[in-house]
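Chemist: How does the following fold in three dimensions:
(chains A, B and C)
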Amino acid sequence: MRLPLASAGLLIAALSTLVGGAASSGVPRPASRPMRVMSINQCTDQIVLALLPPERIASVTWLSRDPDASLMAAAARRVAVNHGLVEEVVRDRPDLVVADSSSMPGTRALLKRLGWPMIEVDSADSIERIRAVTRRIARAVGEQVRSETLIAQMDRELASLAQDSRPPLRVAAWDGSGFGAEKGSLFDRLLRLSGAVNVANEPPASRYGTPDIEVLLAAAPDLLVQGSEDRGSLRDYLARHALVRRFWGNGRTLTVRQADYLCGTPFIAESALKLRRELRTASAAIRARLPFAQTGLR
Amino acid sequence: MSALALRNLVIRRGARTVIAGADIVFHAGRLTAVIGPNGAGKSSMLAAAAGLLPPASGTVWLGADLLSSLPRRELARRRAYLPQRAGVEWPISVERVVALGLAPTLPVFGGVSPTLASAIERALEECDLVGLRDRPATSLSGGELARVMLARAIVGDPEVLIVDEPTAGLDPRHALDAVRRLRARADAGRTVIMAIHEVDLALRFADDVVALRDGAIVAAGAATRVMTEATLSALYDVRAHIRHDGSCSTVHFVD
Amino acid sequence: MNRWLVPALALALIAASAASLLAGTVWLRPQDVLAAIAHPSDDLPGLIVLQIRLPRVLLAMMIGGILGLSGAVLQGLLRNPLAEPGLLGVSAGASLGAVIAIYYGFSASFSLASPLFGLAGGFVTASVAFLLARGGGTLALILAGSAVTAIAAAGTEVALNLAPNPYAAYEIMNWLMGSLADRGWDHVRLAAPFIVAGGALLLATGPALDVLALGETQAESLGVAVGRMRLIALIGTALGVGAATAVAGAIGFVGLVAPHVVRPLVHHQPGRLLLPSALTGALIVVLADTATRVMRLGGPPINLGVLISLVGAPFFLWLVLHVRTRTA
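Modeler: Below you'll find the predicted structure:
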């Protein structure tokens, strides 16, 4: 236990002397309008890419180029990528690092020790926080006008979503990677905005988070929403279960990209509008009741 | 009852020749001791004689049958073999260990028939194991275990009994007892072969002796003819004196 | 005791399996289950009993049975009470095969790719272990097994490391914990032929295992073809345990513990141990799988393999201490 600590300390000391030795000139001074911004978290990537033109972005994480997990995959392909390493920060010398305050504590601690200009933002896991985080990053990079445009757009779309007064659709949702759409998660928020309620969060299944096939039968949701396309996930025995294919196979299963709920961005309302259209279309196409649906549960 | 004959037997282990052309007959009704220094090839010769070590060339005959042409189970019924320091790996009861000696006789499925049960009973009695029959074999003393292994070997009444160092690790009383039991098998008409380091016991109990050194048979024949001071001295590279003391002869090695 | 052991275990297994049909997210009454079996229909109890819990219980029985059986055979064959199916690299190879199928797109094209790859992986590692150990005897087989296990585990880690999906590490960890959740008749149909064939081969080694208690030389002298028997045990394990791992992920401890539980009851005879050990393994997995459905600790369900290790490891420790004081 002592050894890794000691070696981490040594590493910090070595890097400090290496970078800090050239001290005043090595570490950039905080700029009011940073020209080379580096994001080291998949979710801050999304907002940085949305706010800044490619020439002002030093790099974003490699994960943001994955179109399934990133709304900004096309933009990410126009800028360099990093793997969230301090070495990359020191090499690429951005004048601002954007990090998420809940991940990579080691990297952030080391950057702080080096005195690198950095902002750490909270996870944007609610609409309120999406506004706050977007504004905070925008202030740091000097792009308040752009951020207010994005937020205003989101608020218009949210208002339009709120006008829909039809009763929510009953769906069961899960993520192929093995995560559920638990209460409080962005996935659950996306479903609610789209006019759906996740039965895996309601009685009798409310304790379970990720639904299993028994939950599906007991709750008999009208539609299934499978988060992240099936890329051959190990966990997705559920999507392939014979009963799921039989009862929800044709038209009753929708897929939604991880990108739509993985990170909180002002684009969540746009994703919700799209999902609502798909859900209503699929729901309208339903002809027969599921034979095992228990009316008492509704 | 059949004799066991080795014809021009050559055994190699890797590139090394451990037995270079053995030609010998082990007669029925006789106890043959195979003696010789460590590394002389005694164990290899016994294993080949038992059909467990395929020779590089030469043949082994059990009576009129070529050993290598016998089916496994038939061979297992007709000859028994006990390796050095034979033991049991699980705490199985003595009676069941002895019953394992009947494995080649038993049908693949099904129980022990009354005749076989009486064979087990007889083997237990012959080896004084009746009182120990329910004890786990792993909890026995060295002498007791040696008796269990012998009972296991003779329970099927094989024509040929081959035992590699039956006295290894035993105190004098149990060593004496072990060889005496082999002697009794030979007296009952079976072919009994043992490799042994205690030349006193060989001299006293064996009918025939085969002296082996560096993979070659140095001398073979009746015990009294082979066990001379000259042969033993040459065999072990130590001066040997044989003292006759009434009915008993003892060998002393002096340097 | 001895005579009643197999019937008693079989009865306990039937009772546990029947109880298992009642328990889960939706609790059923016995009369619901009986009605569902008597008149199959697409109502809720009908689907839950016939399409979900019945295949799951059957898989639990088969997987537990083959693990217990193969553990007993390998302990007898290697004359080592710590031997278990994982030792020959079968589980590690099956895991590697499944991971490759999943992360490199084969399972996207047909849904049974991962179990089939798992099976192939188990077979390849076991064959490599056997080839490496050929002519070297039992100790060589143990060493070769550890070596191929390490290689297969390293392969799994590389596959994980390079997998295109960033959640791969999370998923593979989860899968390696073993589970029967959401498995259906597809998986029964896939695994059953291999498990039955493997089980038959393993059972056939029984009489020879007894003789092998005397050591390999004495067993040879008593007419046992030790080399051929080792091959049969290996093929049986690769088929059976490979299929089990391919369907359910890695489930440890059953193969190790099940033989120990019943060994004193069959007077330590390795051959007599096989059937009771298979039944005990089946009982353990059926009970544990039922428990994973009933025990919910708030978050995601606790995985089958985790639960068995959680209970199995301390039990095994107790067993080791108990056996040591008794026989020392």
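Chemist: Pull out the buried residues from the longest helix along chain B.
Modeler: For chain B, the longest helix by residue count, based on DSSP state H, is helix B:172-187. Neighbour-count burial for helix B:172-187, with 16 or more other C-beta atoms under 10 Å in any protein chain shown as criterion, is recorded at B:174-179, B:181-183, B:185-186. Yep, even glycine has a C-beta here, placed from its N, CA and C like the rest.
Chemist: likewise stretch B:115-124?
Modeler: B:116, B:119-120, B:123-124.
Chemist: Over to stretch C:303-317?
Modeler: Applying 16+ other C-beta under 10 Å to stretch C:303-317 flags C:303-309, C:311-312, C:316 as buried.
Chemist: can you pull the pLDDT of A:E229?
Modeler: pLDDT recorded at A:E229 is 61.
Chemist: Sorry, wrong one. I was asking about A:A23.
Modeler: At A:A23, the pLDDT value in this model is 43.
Chemist: swap in A:K274?
Modeler: With respect to pLDDT, A:K274 scores 95.
Chemist: Let me know how buried it is, in neighbour terms.
Modeler: 13 (other C-beta atoms under 10 Å in any protein chain shown).
Chemist: ok, the closest residue to chain C within the stretch 151-255 of chain B to chain A distance?
Modeler: Of the residues in the stretch 151-255 of chain B, the one nearest chain C is B:R152, at a distance of 7.3 Å by C-beta to the nearest C-beta. Remark: distance between B:R152 and chain A (C-beta to the nearest C-beta, to the nearest Å) = 52 Å.
Chemist: how about that residue, what does it touch?
Modeler: By C-beta atoms under 8 Å, 6 or more residues apart in numbering or on different chains, B:R152 lies in contact with B:97-98, B:100-101, B:123, C:214.
Chemist: Pipe these into a markdown table and attach distance to C:D186 per row.
Modeler: Output for those, formatted as a markdown table (distance: C-beta to C-beta, whole Å):
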| residue | distance to C:D186 |
| --- | --- |
| B:V97 | 48 |
| B:V98 | 51 |
| B:L100 | 45 |
| B:G101 | 50 |
| B:A123 | 56 |
| C:L214 | 45 |
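Chemist: picking up where we left off before, and chain A, which of the buried residues of helix B:172-187 reach it?
Modeler: Applying C-beta under 8 Å from any C-beta of the partner chain to those, one finds that nothing falls near chain A.
Chemist: and which of those residues is nearest to B:T231?
Modeler: B:V179 (20.4 Å; C-beta to C-beta).
Chemist: one step back: for the contacts of B:R152, name the two members farthest from one another.
Modeler: B:A123 and C:L214 (14.8 Å).
Chemist: confidence score at the residue of the stretch 151-255 of chain B closest to chain C?
Modeler: Per-residue pLDDT puts B:R152 at 95.
Chemist: what ranges do the strands span in the stretch 101-250 of chain B?
Modeler: B:160-164, B:191-195, B:208-213, B:216-222, B:239-245, B:248-254 (DSSP state E, counting those that start in this stretch).
Chemist: do the same with the stretch 101-250 of chain A
Modeler: Counting by DSSP E, counting those that start in this stretch, the strands of the stretch 101-250 of chain A are A:118-121, A:169-175, A:196-198, A:223-227.
Chemist: how close does the most centrally placed residue in chain C get to C:N303?
Modeler: Taking C-alpha atoms, centre = their mean, the centroid of chain C lies closest to C:L67, which sits 3.1 Å from it. In this view, C:L67 and C:N303 are 16 Å apart by C-beta to C-beta, to the nearest Å.
Chemist: And the longest helix of chain B, how far out from the chain middle?
Modeler: Distance, stretch centre to chain centre, for helix B:172-187: 11 Å (C-alpha atoms, centre = their mean, to the nearest Å).
Chemist: Against which helices or strands is that helix packed?
Modeler: In this structure, helix B:172-187 makes packing contacts with strand B:31-35, helix B:142-154, strand B:160-164, strand B:191-195, helix B:199-205, judged by 3 or more C-beta pairs under 8 Å, 6 or more residues apart in numbering or on different chains; DSSP states H and E.
Chemist: To C:G255, which of these lies closest?
Modeler: Nearest to C:G255 among the helices and strands packed on helix B:172-187 is helix B:142-154 (30.2 Å), distances taken as C-beta to C-beta.
Chemist: and the angle for the closest one with strand B:191-195?
Modeler: 140 degrees (axes from the mean of the first three to the mean of the last three C-alpha atoms, to 10 degrees).
Chemist: Go through helix B:142-154 and flag the buried ones.
Modeler: For helix B:142-154, the neighbour count (16+ other C-beta under 10 Å) marks B:143-154 as buried.
Chemist: Equivalent analysis for stretch B:101-108, please.
Modeler: B:101-106.
Chemist: likewise stretch A:272-287?
Modeler: For stretch A:272-287, burial by neighbour count (16+ other C-beta under 10 Å) applies to A:272-273, A:275-276, A:278-280, A:282-283.
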